[in-house]
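**Student:** What would the 3D arrangement of this be:
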Amino acid sequence: MRALLLILVLMAGLFPPWALAQSAPDVRMVVDVSGSMKQNDPQNLRTNALGFAATLLPPNAQGSIWTFGTTVANPLPSGAVVDAWRDQAGSMASQLTDYQQFTDIERALRQAASAAPDSGNRHLILLTDGMVDLPASGSDKTQRDSASRQRIISELAPELASRGVVVHPIALSSNVDLPLLEQIAQTTGGLAAVASTPEELLRAFLDVLDRILPGDQVPIDDRQRFNVDDDIDEFNALLFHAPGDDSPVLVGPNGQRYSRGDHPGSVEWQSSDRYDLITVPDPTPGEWRIEGDIGADSRIGIRADTVLRSEPLPATLYRGFSTPLDVWLAADGKTLATDEHPGGLAVRAELRDLDGATLAETELAASDDHFRGELPGADQLGNARLTITARSDRMIRQQVQPVNVVAALNAVLSEDGTQIVVHANHPDLNVDNTQLSASLTGRTLDIRQTGDREWTIAVPQTDPDQSLPVKIVADAQLEGRTLHFDLPVVRLNPGADVGLSGADLDQNVTSDGRQQDDSVGGDDSDAFTDGLTASQMADIAVDKTRQGWRFAKPYVETYAQRPVTWIVIAVILLLWMLLRWRRAVNRRRQARREEPSI
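**Tutor:** Numbers count the residues shown, from 1 in each chain. Model (predicted):
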């Protein structure tokens, strides 16, 4: 944890002076201290959040810290982020373990957003487990919780957006009401993220700061090289490495080596056991390289005269929907004309997931003094990074903007299991241009319009011992096109022991002329596949593999170099193969059992 806090101090130098001077954000940390955080934040990651607030904010920012549970408090009022403010923030960690019984997210957002000063660049960073939990009991509690949640979505979030208040929710647990947090972020223009480890929390905060204070970078290639042109006045290299590894070494174009223990006096070098931050003023132009293994989140931030600019990029993208892009080069605050562009200039946009896999990409075409195009819609949901790279014969500029890819429509089963609520996440979808249909084992279900962008599906009484799939499809007319959506199958009685086939996963958006066959087969394979097609099973496998790798990566990097590790793995694989063989033999001897039916 100390290493994590140290890197936050180091990160204060990553953001370029022009960004600090122009943005002057008012950042309000809103930290959950409810009792549920005992289980959902067992590592007490919120303690590190105070370190984030005290170290990552730029010097000219306004900062404040709020806590909430049953009540809302403001232990550190708004003030300039100076040394005295940072000292106060660093001494408040103990207040995060003064747990309260309930979780009033609505009251916390209202009070934190409405407090003075009435600044024009307000950002709320909401750290919570994301579950609305108000004082009450029995059926009254369910109604109060549901009413508060609905007010947040339909009233509070739009009100905050109209006042220019941006909310960035960070869920400190997988036990989270993620649809609520994503809806808040979508409406207010913020970024939603889930952080279950210190590393994920650090990444989430870096991503939020990239949204608040976007800056230029130069890319690091696969051979750990990066190019510095004569227009760059300074670069900041944030280099991640495995615990216990030696700090990386920078090698300049002329062969000069920069190490933690041996570097020119003008170079600032700060280090921890996981990260190094090196600030190099007036760097020698040419190709630089990095010696030593570095992590994927390493970056080279720059301060330069010629910079890359773009129209505001949304923090939320929608599955299957393209995103328009408009970028240009600027110098001294003015757009560079076409005849001022460096030779061979080309601009490319890529959307990558947090593991670096490409989800979508496109080349942007020159148009007047700008470069414009559309990024194709991505299929994979979750956090990602949109990278725009301008590359010419003599210079490279890059901007990285974190985003969250969400479904255009989502369906949620009510707690009492009597209805399914479908909500349109995409702002262009509504009850006037979108038609829904739903079926339960072939039976058509009634659908009511319960809002401008909401539908409610009535659910009949069913056998509570059987888990039944409700299939929901939608067709929308947008700009002369017909879009088809297969929503995730919603399961009735999801805790039942016996289930009937249905695909519990998100489906793609398809345009007219393309059809999908998601019918459930009748052979015995459904007992294993639950009605999934081969492609759907592959999608699930890939997604689960990526999730598992993100969790296991730090441990793999630590233990992979020990010979005993590979011996243990070999033994486990051998035992697994023997177990699979014995099960296969036993299955051949057993009679096929009949599947339950309605």
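**Student:** Every contact and neighbour count from this point should use C-alpha atoms.
**Tutor:** Fine.
**Student:** quick one: contacts for the residue nearest to Pro342 when sequence neighbours are not counted?
**Tutor:** Counting by CA to CA, 6 or more residues apart in numbering, Pro342 lies nearest to Ser392, which is 6.2 Å off, once chain neighbours are set aside. By CA atoms under 8 Å, 6 or more residues apart in numbering, Ser392 lies in contact with 342-346.
**Student:** repeat that with 10 Å
**Tutor:** Contacts for Ser392 (CA atoms under 10 Å, 6 or more residues apart in numbering) come out as 341-347.
**Student:** out of these, which one sits closest to Glu311?
**Tutor:** Glu311 has its nearest neighbour among the contacts of Ser392 in Val347, at 14.5 Å by CA to CA.
**Student:** Beta-bridge partners for that closest one, please?
**Tutor:** Beta bridges link Val347 to Leu364, Ala390 when assigned by DSSP bridges.
**Student:** Touching stretch 443-453 from outside, list them.
**Tutor:** Stretch 443-453 is contacted from outside by 154, 409, 419-439, 454-460, 470-472, using CA under 10 Å, 6+ apart.
**Student:** Show the buried residues in these.
**Tutor:** For these, a neighbour count by 16 or more other CA atoms under 10 Å gives the buried set as 409, 419-426, 429-431, 434-436, 438-439, 454-459, 470-472.
**Student:** gap between the two ends of stretch 313-327?
**Tutor:** Length of stretch 313-327, first residue to last, CA to CA, to the nearest Å: 10 Å.
**Student:** among the contacts of stretch 443-453, which are in strands?
**Tutor:** Secondary structure from DSSP state E places 409, 419-424, 434-439, 454-458, 470-472 of these in strands.
**Student:** circling back to that earlier point, can I get the contacts of Ser392 in a markdown table including distance to Trp269, neighbour count and pLDDT?
**Tutor:** Putting the contacts of Ser392 into a markdown table (distance: CA to CA, whole Å; neighbours: other CA atoms under 10 Å; pLDDT from 0 to 100) gives the following:
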| residue | distance to Trp269 | neighbour count | pLDDT |
| --- | --- | --- | --- |
| His341 | 34 | 14 | 95 |
| Pro342 | 33 | 15 | 94 |
| Gly343 | 35 | 12 | 93 |
| Gly344 | 35 | 10 | 94 |
| Leu345 | 34 | 14 | 96 |
| Ala346 | 34 | 17 | 97 |
| Val347 | 33 | 23 | 98 |
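**Student:** Among those residues, name the ones in strands.
**Tutor:** Per DSSP E, those map to strands at 346-347.
**Student:** What is the nearest of the contacts of Ser392 to Val72?
**Tutor:** The nearest one, if we look at the contacts of Ser392 relative to Val72 and count by CA to CA, is Val347, at 47.1 Å.
**Student:** these two touch, right, the closest one and His341?
**Tutor:** No. Judged on CA atoms under 10 Å, Val347 makes no contact with His341 at a distance of 11.8 Å.
**Student:** joint contacts of these two?
**Tutor:** Counting by CA under 10 Å, 6+ apart, the shared contacts of Val347 and His341 are 328, 392.
**Student:** Next, count neighbours for Ile569.
**Tutor:** If you count neighbours by other CA atoms under 10 Å, Ile569 ends up with 11.
**Student:** From Trp576, how far out is it?
**Tutor:** As judged by CA to CA, Ile569 and Trp576 stand 10 Å apart.
**Student:** tell me the domain boundaries of the chain?
**Tutor:** 2-212, 217-304, 306-406, 409-539 (automatic domain parsing).
**Student:** List the contacts of Thr387.
**Tutor:** Thr387 makes contact with 219, 348-352, 361, 398-402, according to CA under 10 Å, 6+ apart.
**Student:** where does the stretch 451-598 of the chain have low pLDDT?
**Tutor:** Counting by pLDDT under 70, the stretch 451-598 of the chain contains low-confidence ranges at 497-566, 568, 581-598.
**Student:** try it again with 50
**Tutor:** Low-confidence segments of the stretch 451-598 of the chain (pLDDT under 50): 502-540, 542, 551, 554-555, 557-559, 589-598.
**Student:** likewise the chain?
**Tutor:** In the predicted model of the chain, residues 1-22, 502-540, 542, 551, 554-555, 557-559, 589-598 satisfy pLDDT under 50.
**Student:** now the helices: where do they sit in it?
**Tutor:** Per DSSP state H, the chain carries helices over the ranges 2-11, 17-23, 37-40, 46-55, 83-90, 105-114, 138-151, 157-162, 178-188, 198-212, 526-529, 534-559, 563-589.
**Student:** Gly35 contacts Thr97, doesn't it?
**Tutor:** Yes. With contacts defined as CA under 10 Å, Gly35 counts as touching Thr97 at a distance of 9.2 Å.
**Student:** coming back round to it: let me have the domains of the chain in a markdown table, extended by distance to Arg580.
**Tutor:** Output for these, formatted as a markdown table (distance: least, CA to CA, whole Å):
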| stretch | distance to Arg580 |
| --- | --- |
| domain 2-212 | 31 |
| domain 217-304 | 36 |
| domain 306-406 | 31 |
| domain 409-539 | 15 |
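**Student:** Identify the residues contacting the most centrally placed residue in the chain.
**Tutor:** By CA atoms, centre = their mean, the chain has its centre lying nearest to Asn383, at 3.0 Å. By CA under 10 Å, 6+ apart, Asn383 lies in contact with 191-194, 204, 207, 315-317, 352-354, 402-406.
**Student:** rerun that using 6 Å as the cut-off
**Tutor:** Asn383 is in contact with 403-404, counting by CA atoms under 6 Å, 6 or more residues apart in numbering.
**Student:** Quickly list what it is bridged to.
**Tutor:** Bridge pairing for Asn383 - DSSP bridges - gives Asn404.
**Student:** Likewise for Val72?
**Tutor:** Assessed by DSSP bridges, Val72 has beta-bridge partners Phe68.
**Student:** neighbours of it, just the number please.
**Tutor:** 22.
**Student:** so how far is Leu313 from it?
**Tutor:** 33 Å.
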